[in-house]
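In: Next one to model:
(chains A and B)
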There are 2 protein chains.
Amino acid sequence: MLAPGATIGILGGGQLARMLALAAAGLGYRIHIYAPEADSPARDVSAAFTKAAYEDERALQRFAAEVDIVTYEFENVPAVTAHFLEKLRPLRPGAEALVATQDRLVEKRFFNALGLVTAPFQPVENGGELARAVAQIGRPSILKSRRLGYDGKGQAMIREGSDIGAIYRAMGSPPCILEGVVNFVREISIVAARTEQGAFAAYEPCENTHEHHILARTVVPATLRPETAQKAKDYVHAIADALDYVGVLAVEMFVVEDYHTKEERLIINEMAPRVHNSGHWTQGGAQTSQFEQHIRAICGLPLGATARLGDIVMINLIGEAVETWAEHLADPDALLQLYGKRETRPGRKMGHVTKVVRR
Amino acid sequence: MLAPGATIGILGGGQLARMLALAAAGLGYRIHIYAPEADSPARDVSAAFTKAAYEDERALQRFAAEVDIVTYEFENVPAVTAHFLEKLRPLRPGAEALVATQDRLVEKRFFNALGLVTAPFQPVENGGELARAVAQIGRPSILKSRRLGYDGKGQAMIREGSDIGAIYRAMGSPPCILEGVVNFVREISIVAARTEQGAFAAYEPCENTHEHHILARTVVPATLRPETAQKAKDYVHAIADALDYVGVLAVEMFVVEDYHTKEERLIINEMAPRVHNSGHWTQGGAQTSQFEQHIRAICGLPLGATARLGDIVMINLIGEAVETWAEHLADPDALLQLYGKRETRPGRKMGHVTKVVRR
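Out: Residues are numbered from 1 along each chain as shown, chains lettered A, B, ... in the order given. This is a model prediction of the structure:
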């Protein structure tokens, strides 16, 4: 167990690192941020900051010497960085979880190996494989870069009449997967935590709405049958156990409904080995925030209670939408969180607001 | 109105400044701490830090140039510092509130001028005046230094048989007041906020228990008749209006009960022009924490809702008591807050835990 007073190193300095830092401070931990960008939202609330590339081994070595444990706010930390740090300090979640989620092909096969259903997919290494994959999966389908995708980056829709060769070349012809389109009734996610000792705690399923591939809104409770909700939690429990996972993780799923029987089925979309935007509502909307929960999990503290404190709507403030902050401050049920980013850009996550209607 | 993104300067770097910094970060503000001690709990969570004496005008000037507004975490900021800064930047609460609370004699006379009842008191400038004051007020009574007292420092009890001259000399013979002892049934406080435009919002009365002159425990709701609770809020409203107060303030009161009629009366003890230990429960125990409320008030934002979210017990973790942190983490209803202080000392406030039992 890592007692309060210790220093937690975080790779990445964005809003997730910032909110982790704020939660860690509440429990008396010091935070050291490691990020390549000098202008990092987390820097302003952290005790120490290293600006260096993820490949800079001397900087990583110095960073490791100054912290007691290392975690990260995003899954695109280079695997080599993770392996390097893991030899010097406990890395939580471990490099295995990171590697499992950095490659969409590896990730999907991992889900399937656990018996979990995903959208149909085919690996694509070149134009010929793409043509065969499209023939097999059909149109519409989605071509996704295996690596470095988030918020819709590195994705393209293959429709009737699409010039698939042009689309693939426009993406830079990277290793990809072609995914079948799931005709879902809603998207949900499960945010959960697991400790090294195997303790597991999930929040209630979150119902998510995306706009332009970016999460726009999360509603809790999700419209979901209780048995489906339980199944969703069980799946994430199985995923976390299989990875010997330590920390908070999030798994996004599609809910499909049988047209006749209305029976609900869950299709696993993807996972994030970190705190997740769809769990932001837990700040003030649940007994323990996902940020504190992550700190508890990686430090080996008991997990906190995950009960929901009301009916929740979380809205992301993206780009210019942040200018609505004053109206949220005037709403007694709204909890506003701004990320302190100096520049507003279209599509940039600037903050969020959670409305908690208590029963 | 000072919009998110601006920089708030805080005089003092202790746990109150730390929790103000955390709350301000949530609203997207940057924090610059000014404190004479390098080892300041607030430093670890703030964007900028100036280590300098409160009398260092060049350092104050540089500090003022780098912030948009100045506030403080403690009432013993030298008045000359407050006046100096007030010429350069908005100081909230203003120097007037600071000056009114730095001198117990001025403070008591201010309460009386508003028609509020205090314990009987007499000013004491020398040994002769002390003897006359004791003759008038009687024993037991309490000799209090007019300035720089907190957590029972600069106080001495005058009992039957006490050598009052020796007691006064042991205190260093400063200007004092002698106060009558109030035979109270309980101690309460009101934590409230006021904006420049005169908006006012009070939290429910808090019932406080002190041990060795330090707050040990706060319970909300206080055992109090509704009309007494309302009266307590009205008194604080009057105090805040009279001072043109901007920010969070706390007023401590004694509740005395008529032996026969059981009628409750309120006797004003003292006020603090800042967030207050008896309001720590509002972190997670109220819709808006006192720390966010202070930031809202000084920045001219709408005040947040003050509703209580459950039945509250806040316990200070003083000195070695901080070692109980692990048991609080295992309690699902407990919210633990540790201040990140590197050294545990007897009597030092190391953290607090708030138990919120939701209805």
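
In: Report pLDDT for residue A:76.
Out: Residue A:76 carries a pLDDT value of 89.

In: Using the three-state scheme, assign it.
Out: coil (DSSP: H, G, I helix; E, B strand; the rest coil).

In: distance of it from residue A:36?
Out: Going from residue A:76 to residue A:36 by CB to CB, to the nearest Å gives 12 Å. In short, each C-beta sits where N, CA and C put it, glycine included.

In: Which stretches in the stretch 1-150 of chain A count as helices?
Out: Using DSSP state H, counting those that start in this stretch, the helices of the stretch 1-150 of chain A run over A:15-26, A:57-66, A:79-86, A:95-102, A:104-113, A:127-137.

In: hey, least reliable of the ones you listed by pLDDT?
Out: Here the helices of the stretch 1-150 of chain A differ in mean pLDDT, and the lowest is helix A:95-102 at a mean of 91.

In: List the buried residues of that one.
Out: Neighbour counts using 16 or more other CB atoms under 10 Å in any protein chain shown place A:95-102 of helix A:95-102 among the buried residues.

In: again with stretch A:76-95
Out: A:76-77, A:81-82, A:84-86, A:89-95.

In: could you list every residue that touches residue A:191?
Out: A:202-203, A:206, A:248-250, A:275-276, A:278-279, A:282, A:290 (CB atoms under 8 Å, 6 or more residues apart in numbering or on different chains).

In: Against chain B, how distant is it?
Out: According to CB to the nearest CB, to the nearest Å, residue A:191 stands 18 Å off from chain B.

In: List the single closest residue to that residue in space, sequence neighbours excluded.
Out: Distance criterion CB to CB, 6 or more residues apart in numbering or on different chains; nearest residue to residue A:191, sequence neighbours excluded, is residue A:279 at 3.6 Å.

In: again, but for residue A:91
Out: Spatial nearest neighbour of residue A:91, excluding adjacent residues (CB to CB, 6+ apart): residue A:70 at 4.9 Å.

In: wait, that neighbour sits on residue A:9?
Out: Yes - under the criterion of CB atoms under 8 Å, residue A:70 makes contact with residue A:9 at 4.4 Å.

In: so what sits against both of those two?
Out: By CB under 8 Å, 6+ apart, residue A:70 and residue A:9 have these common neighbours: A:63-64, A:89.

In: Closest one to residue A:162 out of those, please.
Out: Nearest to residue A:162 out of these is residue A:63 (CB to CB; 45.2 Å).

In: How about the contacts made by the closest one?
Out: By CB under 8 Å, 6+ apart, residue A:63 lies in contact with A:9, A:32, A:34, A:50, A:52, A:70.

In: how about those, which pair is most distant?
Out: The span of these, defined through CB to CB, is set by A:52 and A:70 at 13.9 Å.

In: for the lengthiest helix in chain A, packing partners?
Out: Assignment by DSSP state H gives helix A:226-242 as the longest helix of chain A. Applying 3 or more CB pairs under 8 Å, 6 or more residues apart in numbering or on different chains; DSSP states H and E, one finds that helix A:226-242 contacts strand A:186-194, strand A:200-202, strand A:247-257, strand A:264-272.

In: Deepest in the core, which of those is it.
Out: Each of the helices and strands packed on helix A:226-242 was given a mean neighbour count from mean count of other CB atoms under 10 Å in any protein chain shown, and the largest, a mean of 26, is that of strand A:186-194.

In: My guess is residue A:312 contacts residue A:281. True?
Out: Yes - using CB under 8 Å, residue A:312 is in contact with residue A:281, at 4.6 Å.

In: where's the residue nearest to residue A:91 relative to residue B:135, distance?
Out: From residue A:70 across to residue B:135, the span is 69 Å (CB to CB).

In: Between those two, which has more neighbouring residues?
Out: Neighbour totals were compared for residue A:70 and residue B:135, and residue A:70 leads with 25 against 10 (other CB atoms under 10 Å in any protein chain shown).

In: Next up, the contacts around the more buried one.
Out: Each residue near residue A:70 by CB under 8 Å, 6+ apart is listed here: A:8-11, A:63-64, A:85, A:89-92.

In: Span of stretch A:65-74 from start to end?
Out: Length of stretch A:65-74, first residue to last, CA to CA, to the nearest Å: 22 Å.

In: ditto for stretch A:311-331
Out: 15 Å.

In: buried ones in it?
Out: Residues of stretch A:311-331 classed as buried by neighbour count (16+ other CB under 10 Å): A:312-318, A:321-322, A:325, A:328-329.

In: From those residues, list the ones also adjacent to chain B.
Out: Applying CB under 8 Å from any CB of the partner chain to the buried residues of stretch A:311-331, one finds that A:325, A:329 fall near chain B.

In: I'd like the helices and strands packed on helix A:226-242 as a markdown table, with mean pLDDT appended.
Out: Shown next, in a markdown table, are those (pLDDT from 0 to 100):
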| stretch | mean pLDDT |
| --- | --- |
| strand A:186-194 | 98 |
| strand A:200-202 | 98 |
| strand A:247-257 | 98 |
| strand A:264-272 | 97 |
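
In: For residue A:225, which of these is the nearest?
Out: Of all the helices and strands packed on helix A:226-242, strand A:264-272 sits nearest to residue A:225, with 5.7 Å by CB to CB.

In: Report the angle between the closest one and helix A:15-26.
Out: 80 degrees (axes from the mean of the first three to the mean of the last three CA atoms, to 10 degrees).

In: Identify the residues contacting strand A:264-272?
Out: Residues from elsewhere that reach strand A:264-272 (CB under 8 Å, 6+ apart): A:75, A:101, A:104, A:107, A:111, A:116-119, A:182, A:184, A:187-188, A:224-225, A:228, A:231-232, A:235, A:239, A:249-258.

In: Dump that strand to CSV, restricted to CA.
Out: Provided in CSV are the C-alpha atoms of strand A:264-272 (Å, rounded to 0.1, in the frame of the first residue of the first chain):
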residue,chain,number,x,y,z
GLU,A,264,-31.2,-6.7,-25.3
ARG,A,265,-27.7,-7.9,-26.3
LEU,A,266,-24.4,-6.2,-25.6
ILE,A,267,-21.6,-5.8,-28.2
ILE,A,268,-18.3,-4.7,-26.8
ASN,A,269,-16.9,-1.7,-28.7
GLU,A,270,-13.6,-0.7,-27.0
MET,A,271,-12.0,-0.2,-23.7
ALA,A,272,-9.8,2.6,-22.2
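
In: Show me what the helix or strand just after that strand is packed up against.
Out: Reading on from strand A:264-272 to the C-terminus, the next helix or strand found by DSSP states H and E is helix A:282-285. Under the contact criterion of 3+ CB pairs under 8 Å, 6+ apart, helix A:282-285 touches helix A:290-299, strand A:334-338, strand A:349-357.

In: Please save the CA atoms from helix A:282-285 in PDB.
Out: Extracted C-alpha coordinates of helix A:282-285, given in PDB (Å, rounded to 0.1, in the frame of the first residue of the first chain):
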ATOM      1  CA  THR A 282     -19.000  10.600 -10.700                       C
ATOM      2  CA  GLN A 283     -17.500  13.900  -9.500                       C
ATOM      3  CA  GLY A 284     -20.300  15.000  -7.200                       C
ATOM      4  CA  GLY A 285     -22.700  12.500  -8.800                       C
END
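
In: what comes into contact with it?
Out: Outside helix A:282-285, the residues within contact range by CB under 8 Å, 6+ apart are A:19, A:191, A:203, A:220, A:288-291, A:293, A:306, A:308-310, A:312, A:314, A:335, A:337, A:354, A:356.

In: Show me what residue A:255 is bridged to.
Out: residue A:186, residue A:266 (DSSP bridges).
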